[in-house]
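**Student:** Structure for the following, please:
(2 chains)
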Amino acid sequence: MDRGLKLERLVIRKGAEVLLRMDRAVPPGAVLTVMGPSGSGKSTLLAAITGTLDRAFALEGRILLDGRDITDLPPQARGVGLLFQDALLFPHLSVGGNLAFGLAAGGSRAARRDTVVAALSEVGLEGYAARDPATLSGGQRARVALMRTLLAEPRALLLDEPFSRLDADRRGQVRQLVFDRARARDLPVLLVTHDAEDARAAAGEVVTLSGKLG
Amino acid sequence: MIRAVPPLTLLLLLGPVAAGLWGVIRPAFGVLPAAGFAAPSLDPFRALADWPGLGAAVRLSVGVGLLATALSLALVTLICAGWWGTRAFRLLQRLLSPLLSVPHAAAAFGLAFLIAPSGWIARALSPWATGWDRPPDALIVNDPWGLALTAGLVIKEVPFLLLMVLAALPQVRAGERLRLTQVLGYGRMTGWLKAVFPAVYAQIRLPVYVVLAYSMSVVDVAVILGPSTPPPLSVQIVRWIGEPALETRLVAAAGAVLQLALVIGALVAWRLGEVVVARLGCAWAERGGRGRHENPLRRVSLVLGAGSAGAVLAGLAVLTVWSVAGFWGFPAAWPQGVGPANWARHGPGAGSAFGQTALVAGIATALALVLVLGCLQAEARTGRRPGASAMWLLYLPLLVPQTAFLPGLQTFLLGLGADRGVASVILAHLVFVLPYVFLSLADPWRAWDSRQATIAATLGAGPGAVFWRIRLPMLLAPVLTAAAVGLAVSVGQYLPTLLIGGGRVATLTTEAVALASGGDRRAIGVYALAQSAAALLPFALALALPALVWRNRRGLHG
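**Tutor:** The predicted model follows:
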């Protein structure tokens, strides 16, 4: 079986113009870094993979995840996890509620609560389950967002400049944490960034988009 | 299924307007088969022309409409030009929600109780300043020129237009524009008028048209504050409908068509006026005057603005005093005794009217919310937003005068065999509640960060779960505000309740307006206060509930 994330002769067009072409495979545990200036179509590529591409764009080619063709699946059925530059914790849920939202349905209440508690302690946030997400620091929010994504048990992880909003000393920590957790789960990772240091830390293949289009 | 909501909404919005216009135009030309009139003729229009009060009624309708709109717009413009960004302006802004939610009829009663010869103002000045020991014999309320009516409209349209301007200011980057003019040496007011107002006006044009159409054809405020012999055209139409002879129904229909024509004509004239004002304004701007002597005008605008807001609030106060007043002789400023006797006498009647009001308003608002949320969800799914022409459709029920299509809707519903009851009244209210709920909710709903939906979807949530578990809870505050707006609009409706309910649905508004001719100030005090409470209470809840539910969620405190 063909494990990992495979972008097979992917072409994204806006009208008659080709926005980007991509033909790559990301094996489990590996990181593919896509670099380029803003407007080069980095976020459009991620939208194509999550299934939230705007109607203005047309997509050709196939997206395969662990051998399964997910090109035409709705976003919620793809098994793709995503982290934005903002943590985007749901402000009306507690920290634990955010994690439980990510956790697949089923299991007893006690079992779900134990999973959430364990996930929090995995990132050094013991006892934070009842907290209001708005009271967390930027680094803490990023860690909660990571665990929320991982509890949904995705089969690939997409990162949309997820470290750019963190202050310099937190950035390295969080970046290492994300890559470690992804590798521990053997996930293929696609990182979109304009920060060369991100690319170095990812220690994987780097693709640079030209960015001739807006 | 969600894709069917926008067309269904348009049908519920425009169907009654179209059916109502059709049901007015046919009898206006002599065709009312249900009453045995089958042959088209111009007799209804001849009868209308033969009515001796027609000239005065038309003059009143047009004059009051144009004057009230021009004054309201001028006052709002001057207040914003002179005071935007100051402490005084922020105070006015905080008063906006309560001012907006006071129903037109209650504000009109309050104003009448202030300015009447035996009103609070005359009492406060008598006898020490005026020498009056009995009310002067002057026709201030119900004056033949409609000045009291105009004032009553202005004090309610100023907060409405101010709200529209406030929504438009960020869209036109008013702050940057104003700073630019100030760097070039322009005074605050001159700079605002020359550089900000043109862009703002382009944004609030439709609401201004709504104010014009409404002021020309209003019925409840005109019954309370307007002249009665002859009354404005809209009031006379309603009188004709109320008469038992079937021929007068045809005259009423002819009057309704005339009312529609007058509103269309006034809108066209206003549009032409815009062009003239724009020309003059450009010439004025190009002359480059910096505005050295604007301080007196600035102060006048503040006094007028404060007076307009104060009239509504003082009106509520005098209604409150009357509702608990015992004997209150002229020129005493306070009643000799206060007590719950008036509430004990009128409370049960007001209570049952409150029940009807809440029933109609609650169901109409719930329907409107479901439809508007459905439309906005359909928009999010398809990625297509309604364009400028759709906005016109949304405003159409507010631009077509109520007197022009509600009589026809009444005959149309009777022809269908529909019951003259609560259900029909709710459908009629929905026509007016829907646009306001949509206008109130659309911007905050669209401004929501859609990356939240993307995140939720990648966590396995389908569109339904995203809506119920993420978007709706996060937008609880604007949804409740839109609901409060819808409730206030429904509570204030007079003509739809009166005509479509056929007198069988008694709400606080119809009961209060019916008291206008009797002049029992204690009963009016009770009913008008109850009406205001019915409109204000939802706004208070819309503020309090999200603060309570999300008290431990700082991220949701605006």
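
**Student:** Could you pick out the longest helix of chain A?
**Tutor:** The longest helix of chain A (DSSP state H) is helix A:168-184.

**Student:** need the next SSE after it, C-terminal direction.
**Tutor:** Using DSSP states H and E, the helix or strand that follows helix A:168-184 in sequence is strand A:189-193.

**Student:** all helices of chain A, in order?
**Tutor:** In chain A, the helices defined using DSSP H lie at A:42-50, A:95-102, A:109-122, A:138-151, A:168-184, A:196-202.

**Student:** pLDDT (mean, whole number) over the fourth one?
**Tutor:** Looking at helix A:138-151 alone, the average pLDDT works out to 95.

**Student:** roughly how far is that helix from the heart of the chain?
**Tutor:** 11 Å (Cα atoms, centre = their mean, to the nearest Å).

**Student:** how about that helix, does it get close to chain B?
**Tutor:** Yes - using Cβ under 8 Å from any Cβ of the partner chain, helix A:138-151 reaches chain B at A:148, A:149. For every residue, glycine as well, the C-beta is placed using N, CA and C.

**Student:** buried ones in that helix?
**Tutor:** A:139-151 (16 or more other Cβ atoms under 10 Å in any protein chain shown).

**Student:** Could I get the residues you listed in TSV, plus columns for distance to residue A:105?
**Tutor:** Compiled in TSV, these are given as follows (distance: Cβ to Cβ, whole Å):
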residue	distance to residue A:105
A:139	30
A:140	26
A:141	24
A:142	25
A:143	24
A:144	20
A:145	20
A:146	21
A:147	17
A:148	15
A:149	16
A:150	16
A:151	12
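
**Student:** Among those, which one lies nearest to residue B:388?
**Tutor:** Nearest to residue B:388 among the buried residues of helix A:138-151 is residue A:145, at 39.3 Å by Cβ to Cβ.

**Student:** Give me the neighbour count for the closest residue to residue B:63 other than its chain neighbours.
**Tutor:** With sequence-adjacent residues excluded and distances taken as Cβ to Cβ, 6 or more residues apart in numbering or on different chains, residue B:63 is closest to residue B:146, at 6.5 Å. Residue B:146 has 26 neighbours, counted by other Cβ atoms under 10 Å in any protein chain shown.

**Student:** Residue of chain A closest to chain B, please.
**Tutor:** Nearest residue of chain A to chain B: residue A:91, at 3.1 Å (Cβ to the nearest Cβ).

**Student:** for the residue nearest to that residue when sequence neighbours are not counted, what are its contacts?
**Tutor:** Ranked by Cβ to Cβ, 6+ apart and with sequence neighbours excluded, the top spatial neighbour of residue A:91 is residue B:555, at 3.1 Å. Going by Cβ atoms under 8 Å, 6 or more residues apart in numbering or on different chains, residue B:555 touches A:89, A:91, A:92, A:132, A:133, A:134.

**Student:** Surely the fifth one and residue A:92 touch.
**Tutor:** By that I understand residue A:133. No - using Cβ atoms under 8 Å as the test, residue A:133 is too far from residue A:92 to be in contact (9.3 Å).

**Student:** How far off centre is whichever strand or helix holds residue B:111?
**Tutor:** Residue B:111 is located in helix B:104-115, with elements delineated by DSSP H and E. For helix B:104-115, the separation from the chain centroid amounts to 15 Å (computed by Cα atoms, centre = their mean).

**Student:** same question, stretch B:439-452
**Tutor:** Worked out by Cα atoms, centre = their mean, stretch B:439-452 lies 25 Å from the chain centre.

**Student:** next one: stretch B:124-142
**Tutor:** On Cα atoms, centre = their mean, the centre of stretch B:124-142 falls 32 Å from that of its chain.

**Student:** Could you list the residues in contact with it?
**Tutor:** B:112, B:115-119, B:122, B:148, B:225-228, B:330-331, B:333.

**Student:** Try it again at 10 Å.
**Tutor:** Residues outside stretch B:124-142 that contact it (Cβ atoms under 10 Å, 6 or more residues apart in numbering or on different chains): B:108, B:111-119, B:121-123, B:145, B:147-149, B:151-152, B:222-229, B:231, B:329-333, B:516.

**Student:** Out of those, which end up buried?
**Tutor:** Using 16+ other Cβ under 10 Å as the burial test, the contacts of stretch B:124-142 include B:108, B:111-119, B:122-123, B:147-149, B:151-152, B:222-227, B:231, B:331, B:516 as buried.

**Student:** What about those residues, which are in helices?
**Tutor:** Counting by DSSP H, these contribute B:108, B:111-115, B:122-123, B:147-149, B:151-152, B:222-225 to helices.

**Student:** Burial check on residue B:445, number of neighbours?
**Tutor:** 22.

**Student:** so what's it up against?
**Tutor:** B:372-373, B:375-377, B:379-380, B:438, B:471-472, B:475, B:478-479, B:482.

**Student:** And for residue B:427?
**Tutor:** With contacts defined as Cβ under 10 Å, 6+ apart, residue B:427 is in contact with B:12, B:15, B:16, B:363, B:364, B:367, B:409, B:413, B:418, B:496, B:500.

**Student:** With distance to residue B:392 added, can I get those in TSV?
**Tutor:** Shown next, in TSV, are the contacts of residue B:427 (distance: Cβ to Cβ, whole Å):
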residue	distance to residue B:392
B:12	17
B:15	17
B:16	17
B:363	27
B:364	23
B:367	23
B:409	21
B:413	26
B:418	28
B:496	22
B:500	25
